[in-house]
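Trainee: Here is the input, now give the coordinates:
(2 chains)
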Amino acid sequence: MANLIFDRIHNISHPWAGAFAELEGNSDSDLATQRIVCKNWRMDHRVSVRREKEMHKSKYFHPPLNGNTWWTSRNNYFNNELCLPANKSIFGKKSAYLRDANETNAIWHKVASSNLLVHVASLNRLLKRLRKSEYSSSLDVCRFEEITGYDLPERQPGENNDHKLNRRVDELANGLNQKGSATIKKVAGLLCDSLGEREPPWWACFANEINKLIDDCDWPELCRALGMGHIEKGEWLIVWRYSVSIAGSVYRPTVVEANDGPFHYPSPPDFPYGITMPLDRNLPACREVLHPPLKRIFAIDNCTGVLGRIDNQISDYNKIDLLRDQHKLRLLQEFTNSEIQTWLDRHT
Amino acid sequence: MTIRHPLLYVKSILTDIASKDDILRLSECLAGKHLPAIGGNEDPADILLRGLSFSSFDRDLANKVSGLLGLLLSAYMDKIKANGCYLTSGKKVSDYQPEHSIPMVLFQEEDFLYNCLVFASCLPTNKILSQALINFEHLSKKEKNQFVNWNKTGRQLRYALIYQQTDSFLEEFWFGIINSFTNKDNNVFSLEELADIMNAWRGLLWIPPSKDNRATGNVVSFDRIEKGMLALHKVFVKTENAKVFLRKAVRILSQAYPNSPNFWETHINERLVDLPELLQKVFFDQWPGLRSPLNIAKVGEDASDDWDILQLRSRCDIAKAEDNKVVMDILEAIKINLSPTINAIGCSKLEIPVDDTTHYQKAA
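Mentor: Residues are numbered from 1 along each chain as shown, chains lettered A, B, ... in the order given. So this is what the prediction gives:
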């Protein structure tokens, strides 16, 4: 296993071999989530040779890399090569997952365009992001206040801003739910547009696998089914449901887009979609895809217009290994071809 | 093997850094090293800030880390000065002299500087940190294209400057930004321009009180607030959305100093009559209590209860009023609702013809 990267055998001279060995060799239990990310990068066959070469050529993975510098490079690559628009614009390049080097993961031609997708986001995190300086010139705060009747809390030093923001989002979300779906849709559009061209790609699952949880407003279970372990108690979810034709360029996700997500698990070889790792063994796994974020009228019209609060804890970091073992069994039960067993064995 | 909550682990890293004055490790953390995977694509500075606040905000730790960040950015600035080079000039690591233990490779990355600035924006104030940020501001003025992404890193520097002020050194800087938008040609403001103006306003509001004022509890500088609001009024007055923009400025003010409406009403009331009508309106919108002396309907409901307030405030208002409308409003209130009360308490001198406002001002 030690010499596999992207499910391909490499010799010791691979530019990342030392970095991976270092990160995996760190026995600090608190860094277990880093090791899981490494494990995923080793087993993810979805990153093609061509795409890997492109990554090596980028300035972010410039050798020599040790464990720490590779960890930083991964994040910088995500921020600067993936958080880009779907088309070449002022940045001169488009998001890395939409480039030719990743064409093996393009699946829009394989999915019926009438299929419905669901994207779930945390309202708290969207607002937190939008309060940063770089968005102060894209978020029309006066328009936000005009639509919602609330203003965003000022960011203040020397205190827990997340708690303050979350309290404010509680007020805002309750108020918006009372105002109704039309207002929430307007807010959804405003937020999506304000996030601009540097918004990360959207992860989405197929609606028919998750509709019941949305219709039942079972928000914590929705997060668990989608493997959104980073979402915390007290956050509010905002949901979009739309057809594949609106999503546009639909791709199979990879570990590169999963960035630092420890609740991700690569989907099996030859499977055209991603698969979520549910945070509860009793929940079914969902097929997932990646596509450019919805903007403008699409972000307004396709928002469900309901906000849901997470009232209990979603994940337990101590159970990640157990969840991964359960997920492996789930995959083996669902996919009976021998290729999957071999793939999993390679990475045990 | 038990895994602590990743943010608890981050807090322990910061505690360790603080106890050892480990600037190198702090710089590495701000570059994203040593941090656990938590998902959600958060910047290193945000992960560190969440760690600092995990369970409860540790102010002592935050103060200590703020000082270390000041030293880190000062060393960064020294290095830049010594080498006469800038962040985006494409210098190689070998161009730097190894005189400091902090590896300069980190400093070439604007992502790293951005994270330092995000962190600085949320930490308690520290003099060394404040000075380092001011030095960066001077540098960025000298080299206009210093930042690859001014919208991101340059604006974040402004944010950090706002919240790291330890004296009034930047007061003219903030006023300068606001005043630079006065007499704008088309009177239409882009979101970028609005952001710059409002950030400058925040800058004014976050100037700390002088030692003397702090000692006497005068934390809010009403002179500066009045001057700032007048400057903003001058900038926006000709725009279609002047009221919206000024209302936003007042809301920023109310959040910067989260005092009771009564506090604002007491302190602003005495200055209100000197302000342009539009500013009066936006203050009224924010603190409706300011209306009480002029609100005819309210006065009419329980005139005798309100009489004392009316007498005190309205006399003050009338004495200062240059705008006859203010006087007329008060006179109207008295004429319609209060004449019986006035007579009852023997203030007959207030019963004057409503068209003779000059006379009324003298009487008041």
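Trainee: From here on, just use CA atoms for contacts and neighbour counts.
Mentor: Fine.
Trainee: Quick check: phi and psi at A:His119.
Mentor: A:His119 has phi and psi values of phi -120, psi 130 when expressed as degrees, to the nearest 10.
Trainee: got the contact list for the closest residue to B:Trp174 other than its chain neighbours?
Mentor: Ranked by Cα to Cα, 6 or more residues apart in numbering or on different chains and with sequence neighbours excluded, the top spatial neighbour of B:Trp174 is B:Ala200, at 4.8 Å. The neighbours of B:Ala200, taking Cα atoms under 8 Å, 6 or more residues apart in numbering or on different chains as the test, are B:162, B:174-175, B:177-178.
Trainee: In helices, which of the residues you listed fall?
Mentor: Counting by DSSP state H, the contacts of B:Ala200 place B:162, B:174-175, B:177-178 in helices.
Trainee: Adding neighbour count and pLDDT, write the residues you listed out as a markdown table.
Mentor: A markdown table is the format used below for those (neighbours: other Cα atoms under 10 Å in any protein chain shown; pLDDT from 0 to 100):
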| residue | neighbour count | pLDDT |
| --- | --- | --- |
| B:Ile162 | 26 | 95 |
| B:Trp174 | 22 | 97 |
| B:Phe175 | 19 | 97 |
| B:Ile177 | 16 | 95 |
| B:Ile178 | 23 | 97 |
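Trainee: so where's the chain uncertain?
Mentor: By default, I'm working from chain A. Within chain A, the segments meeting pLDDT under 70 span A:1-2, A:156-160.
Trainee: My question was about chain B, not that one.
Mentor: B:1, B:81-109, B:142-148, B:291-364.
Trainee: tell me the secondary structure for the closest residue in space to A:Val244 that isn't next to it in sequence?
Mentor: Spatial nearest neighbour of A:Val244, excluding adjacent residues (Cα to Cα, 6+ apart): A:Ser113 at 4.7 Å. The local conformation at A:Ser113, judged by DSSP: H, G, I helix; E, B strand; the rest coil, is coil.
Trainee: Now do the contacts for A:Asn259.
Mentor: Contacts of A:Asn259 by Cα under 8 Å, 6+ apart are A:74-75, A:78, B:39, B:41.
Trainee: Now do the strands in chain A.
Mentor: A:4-5, A:8-9, A:116-122, A:202-206, A:236-243, A:274-275, A:287-291, A:303-309 (DSSP state E).
Trainee: just how off-centre is the fourth one within its chain?
Mentor: The reference is to strand A:202-206. 9 Å (Cα atoms, centre = their mean, to the nearest Å).
Trainee: Give me the residues contacting that strand.
Mentor: With Cα under 8 Å, 6+ apart, strand A:202-206 has contacts from A:115-120, A:226, A:286-293.
Trainee: if we take the residues you listed, which one ends up nearest to chain B?
Mentor: Nearest to chain B, judged by Cα to the nearest Cα, of those is A:Val120 at 12.5 Å.
Trainee: ok, what's across the strand from the closest one?
Mentor: A:Val120 has these beta-bridge partners by DSSP bridges: A:Val239.
Trainee: what sits against it?
Mentor: Counting by Cα under 8 Å, 6+ apart, the residues that A:Val120 touches are A:204, A:237-240.
Trainee: Reformat these as JSON lines; add neighbour count and distance to A:Asp28.
Mentor: JSON lines is the format used below for the contacts of A:Val120 (neighbours: other Cα atoms under 10 Å in any protein chain shown; distance: Cα to Cα, whole Å):
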{"residue": "A:Ala204", "neighbour count": "25", "distance to A:Asp28": "34"}
{"residue": "A:Leu237", "neighbour count": "22", "distance to A:Asp28": "33"}
{"residue": "A:Ile238", "neighbour count": "24", "distance to A:Asp28": "36"}
{"residue": "A:Val239", "neighbour count": "20", "distance to A:Asp28": "37"}
{"residue": "A:Trp240", "neighbour count": "23", "distance to A:Asp28": "39"}
